[in-house]
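> Sequence and predicted structure below; questions after.
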Amino acid sequence: MLTDPIADMLTRIRNAHLALHTEVNVPRSKIKAAIAGILKQEGYVEDVAEDGGNIAITLKYIDGRPAISGLKRKSSPGRRVYVNSREIPSVQNGLGICILSTSSGVLDGRTALDKKVGGELLCEIW
């Protein structure tokens, strides 16, 4: 039984990058599809495609090195981390992004700051 599907998704992406795979499949859910969409929008992955019950994420490499150098799950089922719009963290001094689950949907940190909404801090990516 899987207790934290978002952490599972991040771990699958991390392991696929370490093994230099070109694509990784994760089970589909709305929140994971939204996180994958943000990763594509921010340029961390090449493409995201939904096929049936899976999300196929095509990983991005720059000169043979992964575009994602780090992933960190901030909020977990046992310890939720909430931030308001003034407390949204700067990841790696602005070189990374944080992803939040807000009342306006799943947003990256800059968009949430522009909309002045806070929420659950899901993960940080750099």
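Noted; the coordinates are in hand.
> Farthest from the middle of the chain: give me that residue.
In terms of distance from the mean C-alpha position of the chain, residue 63 ranks first, at 22.4 Å (CA atoms, centre = their mean).
> mind checking pLDDT for that residue?
Listed pLDDT for residue 63 reads 95.
> how about the helices of the chain, start to end?
5-18, 30-41, 109-115 (DSSP state H).
> could I get the ones you listed as CSV with mean pLDDT and distance to residue 100?
Where you see a C-beta, it was placed from the backbone N, CA and C, and this is true even at glycine. Shown next, in CSV, are the helices of the chain (pLDDT from 0 to 100; distance: least, CB to CB, whole Å):
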stretch, mean pLDDT, distance to residue 100
helix 5-18, 97, 12
helix 30-41, 98, 10
helix 109-115, 96, 5
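> Mean neighbour count for these - can I get that in JSON lines?
JSON lines is the format used below for the helices of the chain (neighbours: other CB atoms under 10 Å):
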{"stretch": "helix 5-18", "mean neighbour count": "17"}
{"stretch": "helix 30-41", "mean neighbour count": "18"}
{"stretch": "helix 109-115", "mean neighbour count": "17"}
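> nearest to residue 78, of these?
Closest to residue 78 of the helices of the chain, according to CB to CB: helix 5-18, at 11.2 Å.
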